[in-house]
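Chemist: Structure of the sequence below:
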Amino acid sequence: MDSDIDISQMFYSESLKLQNLIEAINTKTDMNVREITDTYYQVINVSSIAAMLKQHTESEEILNKIQETEKMISERFNSSIHPEILTRLSLSIQEMTKTLQSENFTEKSKEQIEYDAKLFEDLRQKMSTREFVQQYEIGISHD
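Modeler: Residues are numbered from 1 along each chain as shown. Here you go, the predicted structure:
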């Protein structure tokens with residue numbers, strides 16, 4: 001019984017964190033890679049806890065909170081925020097790729113080489129993050 005209470009308390013806490021993340025995203029114009037991955041992990045975490053709780057609880061209060069949270073994920077995150085993140089990542093990757101392809105590969109200063117290396121690393125991180133976001137999309141399309 002105590003474990004059910006602990007799990008439901010964890011669900012309430014994690015759902016609140018997710019709600020706060022979603023509210024914060026609505027006020028941002030751009031998210032960095034860390035913020036994106038943290039947000040997706042929180043969505044996945046809350047969804048997993050909700051699925052487990054649904055199987056083990058008969059509490060109307062908890063079931064209502066699960067339904068409310070699933071609706072928030074579906075309507076606010078999956079339908080609005082997720083496609084926006086994917087679009088922004090794809091556009092950013094295109095811009096970075098175009099910048100790197102258009103550079104003149106003649107002799108470069110040490111600073112330019114360091115800048116290019118950082119740009120390549122940023123591009124790699126964004127491409128990896130886009131792959132993660134696309135895998136999430138595959139998961140929600142199978143639900």
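Chemist: For burial, what's the neighbour tally of S74?
Modeler: Residues near S74, counting by other Cβ atoms under 10 Å, number 12. In this view, the C-beta of every residue, glycine as well, is placed from N, C-alpha and C.
Chemist: residues in contact with it?
Modeler: By Cβ atoms under 8 Å, 6 or more residues apart in numbering, S74 lies in contact with nothing.
Chemist: which strands and helices sit next to the host helix or strand of R34?
Modeler: Assigned by DSSP states H and E, R34 belongs to helix 33-56. Packing partners of helix 33-56 (3 or more Cβ pairs under 8 Å, 6 or more residues apart in numbering; DSSP states H and E): helix 2-26, helix 60-72, helix 82-102, helix 110-141.
Chemist: ok, the residue nearest in space to the middle of the chain to N32 distance?
Modeler: Per Cα atoms, centre = their mean, the C-alpha nearest to the average position across the chain is that of Y40, at 2.8 Å. Between Y40 and N32 the computed distance is 13 Å (Cβ to Cβ, to the nearest Å).
Chemist: Same check on D6?
Modeler: Plainly put, D6 is 33 Å away from N32 if you go by Cβ to Cβ.
Chemist: So the two - more neighbours on which side?
Modeler: Comparing D6 with N32 by other Cβ under 10 Å, the one with more neighbours is N32, at 13 against 10.
Chemist: wait, which of the helices and strands packed on helix 33-56 is closest to N45?
Modeler: Closest to N45 of the helices and strands packed on helix 33-56 is helix 2-26 (Cβ to Cβ; 5.8 Å).
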